[in-house]
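Q: I would like the atomic coordinates for the input below:
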Amino acid sequence: MNGAFEVGAAALRAEQRALEMHANNIANVNTPSFKRTDPRFAEVLARNADGTDGAAPDTPVAFGGVRVVPGEMLFTQGELRSSGNPLDLAISGRGMIELMGPGGTNLLWRGGRLRVNDDGLLATADGNALRAGVIVPSDTEELAIGADGVVTAKTSSGETVEIGQIGLVTTDNEFGLERLDNGFYQALDGTRLSDARPGEDGAGTLAQGSVEQSNVELTAEMVSMMMVQRAFAADAQIVQAADQLASITNSLKR
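A: Now for the predicted structure:
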């Protein structure tokens, strides 16, 4: 009897976590560069009370069930939408831009709004400078970023000068990236990053004046959420039925 409670409760916990993931995806459907998280269910195998696998005869069993595998982001390409703002930057491809985060941390970024920070460096809207260290002349009137990452500035004197190149990094293990606030990512320990030039090694190219849209498909997320809700309701009924049977059993003992 307790097994029904345990298995039902495990399923409810897993489905609640899945609903939270779908809700977070839907909440960020309009967040630039957002990457959706796909909940995946995994079976929890029954174990003996001593922790060994399997259920030997006459051995107390800790019941199994189902769980949600810790969130894995799907780095599929989002639609690139023209914004008309020359300080918007997007990546068409799987590469990411390295940033110098607070305390020297290495942050990764899929693009967004740029600005020139107090040190004259090209940076994100939050002020995190690009690892490429692109210094923008103070008399710059126009800034151009090529698909290959080459940055040129047109000064007040009418001169056009090349001031740097924005590089990209790639990883073979996208599941080894942690999502941070404000569209930043950080490589987990053991995740190897490889330098790449835009347009080479499959890293993708840069698109100035564009913003990458979220890769969340609202209709698909709503359908998935409804399916999980149905499963949640079914498992709640299992727990309710187990409770009714337990109540009947207790009444028979009196």
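
Q: Ala242: which element?
A: Using DSSP states H and E, Ala242 falls within helix 218-253.

Q: who does the helix or strand containing Ser194 touch, helix- and strand-wise?
A: If you go by DSSP H and E, Ser194 is part of strand 193-196. When contacts are defined as 3 or more CB pairs under 8 Å, 6 or more residues apart in numbering; DSSP states H and E, strand 193-196 packs onto strand 168-171. Every residue, glycine included, has its C-beta placed from N, CA and C.

Q: For the strand it packs on, give the mean pLDDT please.
A: Averaging pLDDT along strand 168-171 yields 94.

Q: ok, residues contacting it?
A: If you take CB atoms under 8 Å, 6 or more residues apart in numbering as the criterion, strand 168-171 is touched by 91, 93-98, 108, 149, 177, 187, 191-198, 201-204.

Q: Can you give the distance from that strand to the centre of its chain?
A: Centroid separation for strand 168-171 versus its chain: 16 Å, with CA atoms, centre = their mean, to the nearest Å.

Q: quick one: least confident helix or strand in the protein?
A: strand 61-62 (a mean of 54; mean pLDDT, DSSP states H and E).

Q: List the contacts of Phe184.
A: 99, 101, 107-109, 128.

Q: 7 Å instead, please
A: 107-109 (CB atoms under 7 Å, 6 or more residues apart in numbering).

Q: now the helices for the stretch 1-150 of the chain?
A: Assigned by DSSP state H, counting those that start in this stretch, the stretch 1-150 of the chain shows helices spanning 2-27.

Q: for the stretch 1-150 of the chain, what are the low-confidence residue spans?
A: Within the stretch 1-150 of the chain, the segments meeting pLDDT under 70 span 1-2, 44-64, 70-71.

Q: can you give me the strands for it?
A: In the stretch 1-150 of the chain, the strands defined using DSSP state E, counting those that start in this stretch lie at 37-44, 47-48, 61-62, 65-73, 80-82, 88-92, 97-100, 106-109, 111-116, 122-124, 140-145, 150-155.

Q: Go through those strands and name the closest to Leu19.
A: In terms of CB to CB, the element of the strands of the stretch 1-150 of the chain nearest to Leu19 is strand 37-44, at 8.6 Å.

Q: Quick one: list the elements packing against that closest one.
A: helix 2-27, strand 65-73 (3 or more CB pairs under 7 Å, 6 or more residues apart in numbering; DSSP states H and E).

Q: Please compute how far it lies from its chain's middle.
A: 15 Å.

Q: what does it contact?
A: 10, 14, 17-18, 21, 24-25, 64-69, 71-74.

Q: Need the buried ones from those selected in PyMOL.
A: The following PyMOL line selects those of the contacts of strand 37-44 that are buried, judged by 16 or more other CB atoms under 10 Å:
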select buried, resi 10+14+17+18+21+25+64+65+66+67+68+71+73
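
Q: The residue found closest to Gly101 once you drop the neighbours it is linked to in the chain pairs with what?
A: Closest residue to Gly101 apart from its sequence neighbours, by CB to CB, 6 or more residues apart in numbering: Leu107 at 4.0 Å. Note on Leu107: beta-bridge partners by DSSP bridges are Leu99.

Q: Leu107 and Leu130: what is the separation?
A: Leu107 is 10 Å from Leu130, where distance means CB to CB, to the nearest Å.

Q: Overlap in contacts, the two.
A: In contact with both Leu107 and Leu130: Leu99, using CB under 7 Å, 6+ apart.

Q: got the CA coordinates for stretch 112-119 in CSV?
A: This file holds the C-alpha atoms of stretch 112-119, laid out as CSV (Å, rounded to 0.1, in the frame of the first residue of the first chain):
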residue,chain,number,x,y,z
GLY,A,112,21.9,41.4,-27.3
ARG,A,113,22.3,45.2,-26.8
LEU,A,114,25.9,46.6,-26.8
ARG,A,115,27.2,49.8,-25.4
VAL,A,116,30.6,51.5,-24.7
ASN,A,117,31.4,51.2,-21.0
ASP,A,118,33.3,53.7,-18.8
ASP,A,119,36.6,52.3,-19.9
